[in-house]
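Enquirer: Give me a model of this one.
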Amino acid sequence: MNRSQARDTTTQTRAQIGHDATVHVEVGVSNGLVWTSRWITPVGVPKRFDTYFFLATTGRETQTTLQETEAVDSIWISPADAVQRHMDGSFPLVFPTLKNLEAIVGFGTAAELLDARRDAEIPTTQPIIVIEDGKKKIVLP
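Expert: Below is the predicted model of the structure:
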């Protein structure tokens, strides 16, 4: 999907969201939102999602307000710290969030990350479910 198609898809998604749910985003963004990934639920998983991930910079003084049907807590944390705490078992993350954080850990600064993603081709990611040793496992295609 190229950036033009992404804009068309985003507009269509906003229209769908506006019809089905109330979404409120208020962020003091200095460099605009940068689209970084899109994830779709693996086939066979009953709870469905089609999620877009965005990057942005904001000041350290920015306060968060939870949308409590989607989140139970908020914290400002570096991607590396979030991944490490998840691996230690103290910070549970869902698979798409974990993979997005792992993908950005290696960048030295937010500006470097935003520049790298700003004109990147963004493929849609749809993991698959496999059975290994009798247990379900999520894997990337």
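Enquirer: How is the spatially most central residue of the chain assigned, secondary-structure-wise?
Expert: In the chain, the centroid-proximal residue (Cα atoms, centre = their mean) is Phe53; its distance is 3.3 Å. Under the three-state scheme (DSSP: H, G, I helix; E, B strand; the rest coil), the conformation of Phe53 reads as strand.
Enquirer: check contacts around it.
Expert: Phe53 makes contact with 35-39, 96, 100, according to Cβ atoms under 8 Å, 6 or more residues apart in numbering. Where you see a C-beta, it was placed from the backbone N, CA and C, and this is true even at glycine.
Enquirer: Now with 7 Å, please.
Expert: The neighbours of Phe53, taking Cβ atoms under 7 Å, 6 or more residues apart in numbering as the test, are 36-37, 100.
Enquirer: That one - nearest residue in space that isn't next to it in sequence?
Expert: Leaving out its chain neighbours, the residue that sits closest to Phe53 by Cβ to Cβ, 6 or more residues apart in numbering is Ser37, at 4.5 Å.
Enquirer: so of the contacts of Phe53, which ones are in strands?
Expert: The subset of those located in strands under the criterion DSSP state E comprises 36-37.
Enquirer: Would you format the contacts of Phe53 as TSV with neighbour count included?
Expert: TSV is the format used below for these (neighbours: other Cβ atoms under 10 Å):
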residue	neighbour count
Thr36	19
Ser37	20
Asn100	18
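Enquirer: Nothing else from me, thank you.
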